[in-house]
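Peer 1: here you go, sequence then predicted model.
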Amino acid sequence: MISYALQLQPHLSNNFTMILNEFSKYIQSKNEDITSGKSTGTKILCDWIKIVINKNPKNHVDKIVHKEIMLAENKSGDFLIVGKSESGRTLVNALYNYALSYEHYIMSKWLKNKKPQDFNSQN
């Protein structure tokens, strides 16, 4: 999955690869939230960025995210993820595309063994 994201962004540096790997670990821990409808890939991305930005940077990934990404959220919970530079915009784009493709991947795996009657409502 990460290699696919990197194919979409072939000019990504090793730093971006490390960041995608860290986000990948985080989103993989949220599979149940995705399949249950509690969250989406982009919401999980926002949550991860919030966690990273709201703590003191302790490693290279944290430092780069702090430097390259800004997160804005209003009182309604709507959020906006912005790259602070061209490389930040590339990073945000790669993370966003990864979040979407991972969500689609998890949902397609979840749907694979479902039958139409599995979706009948119980009245």
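Peer 2: Here it is on my side, so go on.

Peer 1: point out where this protein drops to low pLDDT.
Peer 2: Across the chain, the ranges flagged by pLDDT under 70 are 1-13, 121-123.

Peer 1: quick one, helices of it?
Peer 2: Assignment of helices within the chain using DSSP state H yields the ranges 2-8, 14-28, 31-35, 41-53, 60-68, 86-111.

Peer 1: other residues contacting the third one?
Peer 2: I take that to be helix 31-35. 38, 39, 40, 41, 44, 103, 106, 107, 110 (CB atoms under 8 Å, 6 or more residues apart in numbering). For the C-beta atoms, the positions are set from N, CA and C on the backbone; glycine is no exception.

Peer 1: let me have these in CSV, adding distance to residue 67 as columns.
Peer 2: Below are the contacts of helix 31-35 laid out as CSV (distance: CB to CB, whole Å):
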residue, distance to residue 67
38, 31
39, 27
40, 26
41, 24
44, 22
103, 27
106, 30
107, 33
110, 36
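
Peer 1: among these, name the buried ones.
Peer 2: Buried members of these, counted by 16 or more other CB atoms under 10 Å: 39, 40, 41, 44, 103, 106.

Peer 1: how about the contacts made by the fifth one?
Peer 2: So the one you mean is residue 103. Residue 103 sits next to 34, 40, 41, 42 when contact means CB under 8 Å, 6+ apart.

Peer 1: if we use 6 Å, what do you get?
Peer 2: Neighbouring residues of residue 103 by CB atoms under 6 Å, 6 or more residues apart in numbering: 34, 41.

Peer 1: same question, the third one
Peer 2: Counting by CB under 6 Å, 6+ apart, residue 41 makes contact with 99, 100, 102, 103.

Peer 1: returning to that earlier point: can I get the buried ones among the contacts of helix 31-35 in a markdown table including distance to residue 60?
Peer 2: A markdown table is the format used below for the buried ones among the contacts of helix 31-35 (distance: CB to CB, whole Å):
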| residue | distance to residue 60 |
| --- | --- |
| 39 | 27 |
| 40 | 28 |
| 41 | 24 |
| 44 | 22 |
| 103 | 27 |
| 106 | 28 |
